[in-house]
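Requesting a structural model of the entry that follows:
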Amino acid sequence: DGWDVERERTFARQKALGIVPAETELAPRNGIVKPWAELDADTRRLFARLQETFCGFVDHTDAQIGRLVSALREMEVLDDTLILLMSDNGASQEGQHNGTINTERFRNLMPMEVAEMLPALDRIGGPDTDPHYPMGWGMAGNTPFRRWKRDTHRGGNTDPLIAHWPARVTDPGAIRSQYLHVTDI
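Model (predicted):
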């Protein structure tokens with residue numbers, strides 16, 4: 001359904017879960033990101049595939065964390081083990097407007113065009129690509145905030161930290177809003 005719809009869905013879930021206060025308003029769209037509805041069909045298909053590839057990576061990461069938790073449970077040390085999950089920054093805009101299937105092109109200031117990536121659509125995420133989603137997905141990934149990685153707006157530097165430690169955390173599932181930095185940990 002695109003980044004605009006996903007951004008609204010994410011915001012609604014955040015409110016329902018109490019991650020953001022009920023009176024929170026969604027930040028306005030980042031002005032340099034086109035509305036999803038204005039993109040042509042081929043562009044939407046490519047941009048969706050780039051995001052699907054990112055989601056596949058997140059799903060794989062989640063499965064590996066699950067394997068670790070299962071092993072700790074089997075060893076009967078899970079309750080005494082501190083597990084921290086965090087990000088080093090907000091979602092990225094480094095894919096620029098069109099995303100990329102070769103991040104070296106981004107690093108060398110050579111953005112890729114949609115037409116040049118479409119022939120590789122079925123290979124995206126495979127061993128001969130190094131993909132990155134377009135900045136519109138970065139905007140959606142930083143909901144409810146504005147901007148993204150490399151900016152000082154909250155979307156660039158306000159990230160979740162999940163702590164799991166049953167033996168020491170006395171209110172599991174609680175949401176805290178204080179700031180900390182990785183060096184605090």
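
Mind giving me the packing neighbours of the least confident helix or strand in the chain by mean pLDDT?
When the helices and strands of the chain are scored by mean pLDDT, DSSP states H and E, helix 154-157 comes last with a mean of 76. Helix 154-157 is packed against no helix or strand, with contacts defined by 3 or more C-beta pairs under 8 Å, 6 or more residues apart in numbering; DSSP states H and E. C-beta coordinates here come from the backbone N, C-alpha and C atoms, glycine included.

in this protein, which residue is closest to the centre?
Centroid-nearest residue in the chain: Gly141, 4.4 Å away (criterion: C-alpha atoms, centre = their mean).

Might you report the residue contacts of that residue?
Gly90, Ala91, Trp148 (C-beta atoms under 8 Å, 6 or more residues apart in numbering).

And it, how close does it get to Pro160?
Here Gly141 is placed at a distance of 12 Å from Pro160 (C-beta to C-beta, to the nearest Å).

Would you tell me which helix is longest in this structure?
Criterion DSSP state H: the longest helix present in the chain is helix 41-74.

Which elements pack onto that one?
strand 83-86, helix 114-117, helix 135-141.

List the residues that contact the closest residue to Arg154 other than its chain neighbours.
Closest residue to Arg154 apart from its sequence neighbours, by C-beta to C-beta, 6 or more residues apart in numbering: Phe145 at 4.0 Å. Neighbouring residues of Phe145 by C-beta under 8 Å, 6+ apart: Ala27, Gly90, His153, Arg154, Gly155, Thr158.

Burial check on Asp42, number of neighbours?
13 (other C-beta atoms under 10 Å).

now swap in Met112 and tell me
Met112 has 21 nearby residues by other C-beta under 10 Å.

Next, the residue lying closest to it once chain neighbours are set aside: phi, psi?
Excluding its sequence neighbours, the residue lying closest to Met112 (C-beta to C-beta, 6+ apart) is Thr100, at 4.8 Å. When quoted as degrees, to the nearest 10, the phi and psi of Thr100 stand at phi -160, psi 160.

Can you pull the phi/psi pair for Val182?
Per degrees, to the nearest 10, the backbone of Val182 is at phi -50, psi -30.

So it sits against Ser87, correct?
No - contact criterion C-beta atoms under 8 Å: Val182 and Ser87 do not qualify, at 9.9 Å.

what comes up buried for stretch 33-46?
Using 16 or more other C-beta atoms under 10 Å as the test for burial, stretch 33-46 gives Val33, Trp36, Leu39, Thr43, Arg44, Leu46.

if we look at it, which residues are touching it?
With C-beta under 8 Å, 6+ apart as the criterion, stretch 33-46 contacts 1-5, 29, 47, 97-99, 114, 117-118, 121, 135-136, 139.

what's the spacing between that stretch and its chain's center?
19 Å (C-alpha atoms, centre = their mean, to the nearest Å).
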